[in-house]
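> coords please:
(one chain, ligands or ions: 1)
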Amino acid sequence: MSGKPAFYITTPIYYVNDNPHIGHAYTTLACDVMARFMRLDGHDVMFLTGTDEHGQKVEKAAREAGLDPRAFCDKVSKNFRILAKEWNFSNDDFIRTTEPRHVRSVQALWRRLEEAGEIYLDHYEGWYAVRDEAFYAEDELGEGPDGRKLAPSGAPVEWVKEPSYFFRLSAWRDRLLDLYDSRPGFIMPETRRNEVRSFVAGGLRDLSISRTSFSWGVPVPGDPGHVMYVWIDALTNYITAAGYPDEDGGDFRRRWPALHMVGKDILRFHAVYWPAFLMAAGIEVPRRVFAHGWWTSEGRKISKSLGNVIVPSEIVARYGLDQVRYTLMREVNFGNDGDFSHRGTVRRCNHDLANDYGNLAQRVLSMIARNCGGRAPRPGDLNDGDRELLDGAYGLLPATREHIAVQAFHLMLQAIWGVVGDANRYVDEQAPWALRKTDPARMETVLYVLAETLRVLALLTQPVMPESSSRLLDQLAVPESERQFDRLNADHALRPGADLPEPTGVFPRYRDEEQGAA
Ligand code: MSP
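Coordinates of the predicted model:
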């Protein structure tokens, strides 16, 4: 067993009624960046994603596709694995709720809740939205143009009347409020926490947790006429993958609790139902639930009917993978909604990446190749300006750690780009091309300071842009074994005189044929 601190992060598990779109890619990307950062920073990381395969919505989608639910799930679940590969996601596991390990886990949790007296059998009569897989109270509903009742999400609702097991959610109100109050970082961002808090403070109804009107789900132990409500099934995936129900053997105690990254639309399930289930079963609650915002496309809501769904593989083919990863993490303050636009993406690709970062690397590496015989420069004494740039670069690790600890990916990138800007100003001020004739020794010092700054920058951009950062690090001859964050200091600085490979550009400009380069 490793002595490194454990860190467990999860994406929602995705419904297989739909193919991957930008929403899926975005949540998983944020987790990937976090997981990569923590691994590089010496943590023993587990990063989980997967697919949510039971319930009425998936059963209906399978029927519409003319497939048996299992065959349908196999087919669509594979598309999420493909997405993970295409986007270079570093997940350690991929869970499917139809796997035996999960069925065993969710049935064990059910039994635990039943033994604790938290479950009772009754009848459910009320509104249900299949699209949201959620129950709604009458006063939550609105009306569509045709007079039909709609859930707050806009999903149609239907009246359901059937026998059902219930979870005593109403009894958990005060303990949930205590949890939110005693752990302000449990739900983030704060505005979302306040929304959840007031929802819970308003009182909770017991939750219907089984259905009898369809069969595509995990059978309720001891009463197989019922299948479990898909959310109790789905949420449990997070502990299944950590080893539940083997709480004492295996890795469970070391792994759990997790940080859950979710979209704002599914916060209530994660921040109300899930901690209540866990507390009722005597299991620790999650470390945090972070709810991110939603993307629009060119200013419009994304929807199939508008035909403006953003397909992850298409934007990667168009702009490049690391370019898209960077744009999504930089363009909005993580937690807020954002707009994905062609113009905005091209600006990020050309301005931040090609001009600022790429050009810095290209200028420095090609000057070194031309003027230092293809070797890392040999510095003389450093002056205050040199030290200032390097100190700024070394100071990035504590700064980015603080941002990552609160999932402020945009602030992490802004901090890194602050040093990119400083380095570009330093090149202009120091004008190493002019020093070549007047003071070659000083030129070597300046180029060394820049190359060392680049090493630090390339190490720190690895979580967001793994592939491009790796190419930069190759060009600086930093071996793979020296790319951990414990190398982000002067003790592990670039070795003067080391052979460097021929430099090549890493961030090409995006050229827009119709509109001209932005
Ligand atoms: N199966 C449930 C989650 C169960 S977790 C125990 C589910 N699946 S989903 O496939 O619908 O999830 C989609 C995810 O994508 C959610 O986190 C949702 O917030 C996110 N997004 C869907 N559209 C989105 C945007 N337009 N923008 C950003 N994220 C959005 O819910």
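
> how about the contacts made by the residue of the stretch 151-300 of the chain found nearest the ligand?
Per Cβ to the nearest ligand atom, the residue of the stretch 151-300 of the chain with the smallest distance to the ligand is residue 263, at 1.5 Å. Any C-beta I mention is one placed from the backbone N, CA and C, and that applies to glycine too. When contacts are counted by Cβ atoms under 8 Å, 6 or more residues apart in numbering, residue 263 is found next to 12, 23, 27, 291-294.

> now the buried members of those residues.
Neighbour counting by 16 or more other Cβ atoms under 10 Å classes 12, 23, 27, 291-294 among these as buried.

> number of residues surrounding the residue of the stretch 301-450 of the chain found nearest the ligand?
Closest to the ligand within the stretch 301-450 of the chain is residue 302: 4.6 Å, counting by Cβ to the nearest ligand atom. Residue 302 is flanked by 18 other residues according to other Cβ atoms under 10 Å.

> could you do residue 504 as well?
Using other Cβ under 10 Å, residue 504 has 11 other residues around it.

> which parts of this structure sit against the ligand?
12-15, 23-24, 26-27, 52, 234-235, 237, 262-263, 265-266, 294-295, 302 (Cβ under 6 Å from any ligand atom).

> among the residues you listed, which are in helices?
Judged by DSSP state H, the residues of the chain next to the ligand include 23-24, 26-27, 234-235, 237 as members of helices.

> farthest pair within those?
26 and 235 (20.5 Å; Cβ to Cβ).

> mind listing the helices for the stretch 201-350 of the chain?
Here the stretch 201-350 of the chain has its helices, by DSSP state H, counting those that start in this stretch, at 230-235, 237-240, 252-255, 267-268, 274-280, 312-319, 321-331, 342-347.

> which strands and helices sit next to the shortest one?
Just to be clear, that refers to helix 267-268. If you count contacts as 3 or more Cβ pairs under 8 Å, 6 or more residues apart in numbering; DSSP states H and E, helix 267-268 packs onto helix 190-201.

> tell me the buried residues in the helix it packs on?
Applying 16+ other Cβ under 10 Å to helix 190-201 flags 192-193, 195-197, 200 as buried.

> sorry, back to before: distance of the residue of the stretch 151-300 of the chain closest to the ligand from residue 233?
According to Cβ to Cβ, to the nearest Å, residue 263 and residue 233 sit 19 Å apart.

> please apply the same query to residue 207.
Noted for residue 207: a distance of 13 Å to residue 233, by Cβ to Cβ.

> ok, now residue 78?
21 Å.

> more neighbours: which of the two?
Between residue 78 and residue 233, residue 233 has the larger neighbour count (other Cβ under 10 Å), namely 27 against 12.

> if we can go back for a sec, lowest-confidence entry in the buried ones among the contacts of residue 263?
The lowest pLDDT within these belongs to residue 23, with 93.

> which parts of the stretch 1-150 of the chain are strands?
6-15, 44-52, 93-96, 119-129, 134-136, 142-143, 149-150 (DSSP state E, counting those that start in this stretch).

> which one of the ones you listed lies nearest to residue 318?
Taking Cβ to Cβ, strand 6-15 is the member of these nearest to residue 318, at 22.9 Å.

> and the angle for that closest one with strand 44-52?
Relative orientation of strand 6-15 versus strand 44-52 (axes from the mean of the first three to the mean of the last three Cα atoms, to 10 degrees): 10 degrees.

> show me where the stretch 1-150 of the chain dips below the pLDDT cut-off.
Applying pLDDT under 70 to the stretch 1-150 of the chain flags the ranges 1-2.

> please redo it, this time with the cut-off set to 80
The stretch 1-150 of the chain contains residues with pLDDT under 80 at 1-3.

> of all of it, which residue lies closest to the ligand?
Counting by Cβ to the nearest ligand atom, the stretch 1-150 of the chain gets nearest to the ligand through residue 23 (2.4 Å).

> quick one, what contacts that residue?
Here residue 23 is in contact with 263, 294-295, 302 (Cβ under 8 Å, 6+ apart).

> which one of these is nearest residue 349?
Minimum distance to residue 349 across the contacts of residue 23 is 17.4 Å, recorded for residue 295 (Cβ to Cβ).

> check contacts around residue 422.
Taking Cβ under 8 Å, 6+ apart as the test, what residue 422 contacts is 389, 392.

> coming back round to it: for residue 113, state which of the contacts of residue 263 is nearest.
The nearest member of the contacts of residue 263 to residue 113, counting by Cβ to Cβ, is residue 12 at 21.9 Å.

> contacting residues around the nearest residue to that closest one once chain neighbours are set aside?
Leaving aside its sequence neighbours, residue 12 sits nearest to residue 262 (Cβ to Cβ, 6 or more residues apart in numbering; 5.2 Å). Taking Cβ under 8 Å, 6+ apart, we find residue 262 in contact with 12, 27, 270, 289-292.

> ditto for residue 407
30, 34, 188, 261, 290, 334-335.

> do you know how far the nearest residue to residue 227 once chain neighbours are set aside is from residue 211?
Excluding its sequence neighbours, the residue lying closest to residue 227 (Cβ to Cβ, 6+ apart) is residue 217, at 3.0 Å. Distance check for residue 217 against residue 211: by Cβ to Cβ, it reads 7 Å.

> overlap in contacts, those two.
In terms of Cβ under 8 Å, 6+ apart, residue 217 and residue 211 are both contacted by the residues 227, 229.

> on that earlier part again, including distance to residue 376, could the contacts of residue 23 go into a markdown table?
A markdown table is the format used below for these (distance: Cβ to Cβ, whole Å):
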| residue | distance to residue 376 |
| --- | --- |
| 263 | 45 |
| 294 | 46 |
| 295 | 42 |
| 302 | 47 |
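
> just these now: which is nearest residue 166?
Comparing the contacts of residue 23 against residue 166 with Cβ to Cβ places residue 263 closest, at 27.0 Å.

> give me the beta-bridge partners of the closest one?
residue 292 (DSSP bridges).

> check it and give its pLDDT.
97.

> residue 492: neighbouring residues, count only.
Residue 492 is flanked by 16 other residues according to other Cβ under 10 Å.

> any idea how far residue 427 is from the closest residue to it other than its chain neighbours?
Leaving aside its chain neighbours, residue 492 sits nearest to residue 482 (6.7 Å; criterion: Cβ to Cβ, 6+ apart). Using Cβ to Cβ, residue 482 is found at 25 Å from residue 427.

> of the two, which one has the most company?
Remark: of residue 482 and residue 427, residue 427 carries more neighbours, 22 against 13, as counted by other Cβ under 10 Å.

> surely that one is in a strand?
No - assessed with DSSP: H, G, I helix; E, B strand; the rest coil, residue 427 is helix; it does not lie in a strand.

> residues contacting it?
Shown in contact with residue 427 (Cβ under 8 Å, 6+ apart): 360, 363-364, 450.

> so where do the helices sit in the stretch 401-518 of the chain?
Using DSSP H, counting those that start in this stretch, helices in the stretch 401-518 of the chain cover 409-430, 432-438, 440-460, 466-475.

> ranking these by burial, who's on top?
helix 440-460 (a mean of 23; mean count of other Cβ atoms under 10 Å).

> next, the angle helix 466-475 makes with it.
Using the same axes, to 10 degrees: helix 440-460 against helix 466-475 is 150 degrees.

> next, the angle from helix 440-460 to helix 409-430.
170 degrees.

> by contact count, what packs against helix 440-460?
Packing contacts for helix 440-460, counted by 3+ Cβ pairs under 8 Å, 6+ apart, involve helix 359-371, helix 384-394, helix 396-405, helix 409-430, helix 432-438, helix 466-475.

> swap in 6 Å and give it another go.
For helix 440-460, the elements it packs on are helix 359-371, helix 384-394, helix 409-430, helix 432-438, helix 466-475, judged by 3 or more Cβ pairs under 6 Å, 6 or more residues apart in numbering; DSSP states H and E.
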